[in-house]
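Q: Structure for this input, please:
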Amino acid sequence: KIGSIYNFNSNSNLSLCPQLGYNFKQKLFYFNSPLRYTFNSRRNGWIEYTWANGNRITNSSILDKIKDEQMDTIDFDALKLDYFKDEMLKLEGNLCIADKWNVSTGAIYHRRTAVNSYDMEALGKQSIYSSFAPFVSINYQPSPTWPIFSCNYERGIPHLFKSDIKYERVEMDMSYKRYLKTLRNINFRLGCGFFTNKSDDYFVDYSNFRENYLPDSWEDEWTGQFQLLNSTWYNASRYYMRSNISYESPMMFITRMPWIGRYIEKEKLFLSMLQIEHISTPYIETGYGITNQYFSMGLFANFINGKFFEFGTKFTLELFRKW
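A: Numbering: from 1, shown residues only. I've put the predicted structure just below:
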């Protein structure tokens, strides 16, 4: 993540903050390059143009293949799903119209190309899909001590800019961070989303519920993400309901131990739950993490249909966090 900014005056500036990353498993280079002109920083007024190659995604036909399956018995590799690369362009404007209300609106364009275009075309299947969609997002925070409530609406318009996908998506979200005494805090996030007015071929692509291949740091992302969820499930359900909660403290377990505890700054507990249309009971994920100025590490376990499924870890370097 690289940031640069040029200040015109105390109330306006131009910034470019690209994110770059490489996924060794997919052998794919990821980038996200938002260019933002802030014309009124006092009212959070800005216009932003973003060019990115988004996460790999599957065609909505996956729904027909897994509708009657159990989540823990599906071998996604054996299904030979049609994976697509995603190139995205987005133009967005934002303004705080009142002390408690923030509104952003714009349009987003996706061009999704099959990873194996040659074989797709040989089988007589479409290998490139395009979509163009206006969107609007409204955020409301009653006071600085209250949660932030948001609602996002996006509607694909076919035949415009060679778009061939029709869909309508609604997402609602609530996020809350409560600071307690002695450097402790609680993070809570609750959200849902669903697709309506769909064409036969579309891509289930949510804004608030997705796999992120360019991860952020401990403070920015870990609470709101599912660490062990198979990436395919982000694009498989016509709806989702999720909740994520974490508790952070500088004194919990390891920090109380002699010798080792002096090298740990904070510890965190995680609990996440998810309901999608293909599982009968909520997906549950628990975790425990530690962090210092050099690295962050977490241990996670998940439960599917009420049964333990797998265990995993996450490790990130934090070398430049306090520069």
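Q: Based on its surroundings, how many neighbours for E171?
A: Number of residues near E171 (other C-beta atoms under 10 Å) recorded here: 20. Any C-beta I mention is one placed from the backbone N, CA and C, and that applies to glycine too.
Q: Secondary structure element holding it?
A: strand 168-179 (DSSP states H and E).
Q: Got phi/psi on the residue nearest the centre of the chain?
A: Taking C-alpha atoms, centre = their mean, the centroid of the chain lies closest to R210, which sits 4.1 Å from it. Main-chain dihedrals, R210, degrees, to the nearest 10: phi -160, psi 160.
Q: follow-up on the earlier one: could I get the buried residue list for the strand holding E171?
A: 169, 171, 173-176 (16 or more other C-beta atoms under 10 Å).
Q: This protein: helices as residue ranges?
A: 62-66, 76-79, 117-122, 218-221 (DSSP state H).
Q: Would you mind checking the average pLDDT for the last one?
A: Per-residue pLDDT over helix 218-221 has a mean of 56.
Q: what number of residues lie near M251?
A: Counted with other C-beta under 10 Å, M251 comes out at 14.
Q: right, and it touches T182 too?
A: Yes - judged on C-beta atoms under 8 Å, M251 makes contact with T182 at a distance of 7.5 Å.
Q: From I2, how far out is the closest residue to S33 other than its chain neighbours?
A: Excluding the flanking residues, the one nearest S33 by C-beta to C-beta, 6 or more residues apart in numbering is P18, at 4.2 Å. For P18, the distance to I2 equals 6 Å [C-beta to C-beta, to the nearest Å].
Q: about what we covered before: what separates the strand holding E171 from the chain centre, distance-wise?
A: With C-alpha atoms, centre = their mean, to the nearest Å as the basis, strand 168-179 stands 12 Å off its chain's centre.
Q: Per-residue pLDDT of the nearest residue to T196 once chain neighbours are set aside, please?
A: Counting by C-beta to C-beta, 6+ apart, E168 is the residue found nearest to T196 once chain neighbours are left out, at 4.6 Å. On the pLDDT scale, E168 is placed at 91.
Q: Give the full set of residues in contact with I5.
A: 13-16 (C-beta atoms under 8 Å, 6 or more residues apart in numbering).
Q: So which of those residues is the closest to P147?
A: For the contacts of I5, the minimum distance to P147 (C-beta to C-beta) is 27.5 Å, reached by S15.
Q: Nearest residue to that closest one in space, please, no chain neighbours.
A: I5 (4.2 Å).
Q: what does F31 give?
A: Counting by C-beta to C-beta, 6+ apart, the residue nearest F31 is L20, at 5.3 Å.
Q: which residues does the one you found contact?
A: Contacts for L20 (C-beta under 8 Å, 6+ apart) come out as 1-2, 29-31, 214.
Q: any chance of those in JSON lines, plus neighbour count, pLDDT and distance to R262?
A: Formatted as JSON lines, these follow (neighbours: other C-beta atoms under 10 Å; pLDDT from 0 to 100; distance: C-beta to C-beta, whole Å):
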{"residue": "K1", "neighbour count": "12", "pLDDT": "82", "distance to R262": "29"}
{"residue": "I2", "neighbour count": "9", "pLDDT": "86", "distance to R262": "33"}
{"residue": "F29", "neighbour count": "10", "pLDDT": "87", "distance to R262": "39"}
{"residue": "Y30", "neighbour count": "18", "pLDDT": "88", "distance to R262": "37"}
{"residue": "F31", "neighbour count": "13", "pLDDT": "90", "distance to R262": "39"}
{"residue": "L214", "neighbour count": "16", "pLDDT": "65", "distance to R262": "32"}
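Q: Tell me the bridge partners for the closest residue in space to K85 that isn't next to it in sequence.
A: With sequence-adjacent residues excluded and distances taken as C-beta to C-beta, 6+ apart, K85 is closest to T113, at 5.1 Å. Beta-bridge pairing for T113 (DSSP bridges): K85, I128.
Q: In the protein, where is pLDDT below threshold?
A: 59-82, 120, 123-124, 198-201, 213-224, 318-323 (pLDDT under 70).
Q: in it, what residue sits furthest out from the centroid?
A: P258 (37.8 Å).
Q: so what's the spatially closest residue to L14 that is not a sequence neighbour up against?
A: Distance criterion C-beta to C-beta, 6+ apart; nearest residue to L14, sequence neighbours excluded, is Y6 at 4.8 Å. Y6 makes contacts with 13-15, as judged by C-beta under 8 Å, 6+ apart.
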